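**Student:** From the sequence below, what's the structure:
(2 chains)
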Amino acid sequence: AQSVTQLDSQVPVFEEAPVELRCNYSSSVSVYLFWYVQYPNQGLQLLLKYLSGSTLVKGINGFEAEFNKSQTSFHLRKPSVHISDTAEYFCAVSETNAGKSTFGDGTTLTVKP
Amino acid sequence: SAVISQKPSRDICQRGTSLTIQCQVDSQVTMMFWYRQQPGQSLTLIATANQGSEATYESGFVIDKFPISRPNLTFSTLTVSNMSPEDSSIYLCSALSSGANVLTFGAGSRLTVL
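**Tutor:** Numbering: from 1, shown residues only, chains lettered A, B, ... in the order given. Have a look, this model is predicted:
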């Protein structure tokens, strides 16, 4: 069975600072990995995905994530955050297709001026 | 990617009643799913909506409580039956497009059960 752990429930940072949101997963087989963002009162939007190939994946809004198979991690990073990045971020893992994903509990990113 | 419309976007319901949520996709998709997001929590997959046949439910969810229909490739409904305050959640429709292992979500339907 697959599982996801987001290690930080809340991450406060100042504007223009770098940020890392941590995600670890557990699975007995190869997986697909995703990061989603949810702005207040909105649905989820895909930030980036790892399906295969290069372990460093780049997504929208300047975010990137690195798949580390040995550490079973898929941490999300951004070198300089903006106020508009304030949102809930979800890491998800799937052993089959993206639809049958298991989501982490989410990390609330709050960017302060 | 597909664009998903859900309605209602929000509703306040009385205990014991049922509510049907509609999900419309602007293009044909291979798979459709229904998720629940309880207040302050993550997403949990309720079921896979299968076209023309019974939905496939995840552990802890049953058809009598959450009947689902998918009459064609672009439309699905989720009914929350005999609601109780514990059913107060955001219900999200999602879809997987052909050839793309990327999940698209609707904006969600926020239900409050009194």
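
**Student:** make it CA atoms for all contacts and neighbour counts henceforth
**Tutor:** Noted.

**Student:** Can you pull up the most central residue in the chain?
**Tutor:** Picking chain A for this. For chain A, A:W35 is the residue whose C-alpha lies nearest the centre (CA atoms, centre = their mean; 3.5 Å).

**Student:** Not quite, go with chain B.
**Tutor:** Central residue of chain B (CA atoms, centre = their mean): B:W34, at 3.4 Å.

**Student:** what about the closest residue to that residue other than its chain neighbours, which helix or strand?
**Tutor:** Spatial nearest neighbour of B:W34, excluding adjacent residues (CA to CA, 6 or more residues apart in numbering or on different chains): B:C93 at 4.7 Å. Using DSSP states H and E, B:C93 sits within strand B:89-96.

**Student:** what comes into contact with that strand?
**Tutor:** With CA atoms under 8 Å, 6 or more residues apart in numbering or on different chains as the test, strand B:89-96 has contacts from A:43, A:98-99, B:2, B:4, B:6, B:23, B:25, B:29-39, B:102-112.

**Student:** With stretch A:98-110 instead?
**Tutor:** A:2-6, A:8-13, A:21, A:32, A:83, A:85-95, B:31-33, B:41-45, B:94-96, B:101-103.

**Student:** coming back round to it: ok, now which ones touch the residue nearest to the residue nearest to the centre of chain A when sequence neighbours are not counted?
**Tutor:** Leaving aside its chain neighbours, A:W35 sits nearest to A:C91 (4.6 Å; criterion: CA to CA, 6+ apart). Shown in contact with A:C91 (CA under 8 Å, 6+ apart): A:V4, A:Q6, A:C23, A:L33, A:F34, A:W35, A:Y36, A:F103, A:G104, A:G106.

**Student:** Quick check: phi and psi at A:T96.
**Tutor:** With angles defined as degrees, to the nearest 10, A:T96 sits at phi -120, psi -80.

**Student:** what about it, distance to chain B?
**Tutor:** Using CA to the nearest CA, to the nearest Å, we find A:T96 at a distance of 9 Å from chain B.

**Student:** Now do the contacts for that residue.
**Tutor:** A:V31, A:Y32 are the contacts of A:T96 under CA under 8 Å, 6+ apart.

**Student:** what's the pLDDT at it?
**Tutor:** For A:T96, the model assigns a pLDDT of 75.

**Student:** how many neighbours does the residue of chain A at minimum distance from chain B have?
**Tutor:** Nearest residue of chain A to chain B: A:G43, at 3.8 Å (CA to the nearest CA). Under the neighbour criterion other CA atoms under 10 Å in any protein chain shown, A:G43 is assigned a count of 20.

**Student:** Assess the claim that it and B:G106 are in contact.
**Tutor:** Yes - between A:G43 and B:G106 there is a contact at 5.7 Å, judged by CA atoms under 8 Å.

**Student:** Look up the closest residue to residue 12, ignoring the ones flanking it.
**Tutor:** Here I'm looking at chain A. Nearest to A:P12 is A:T110, by CA to CA, 6+ apart, at 4.7 Å.

**Student:** look at chain B instead
**Tutor:** Nearest to B:I12 is B:T112, by CA to CA, 6+ apart, at 4.7 Å.

**Student:** where does chain B have low pLDDT?
**Tutor:** For chain B, no stretch has pLDDT under 70.
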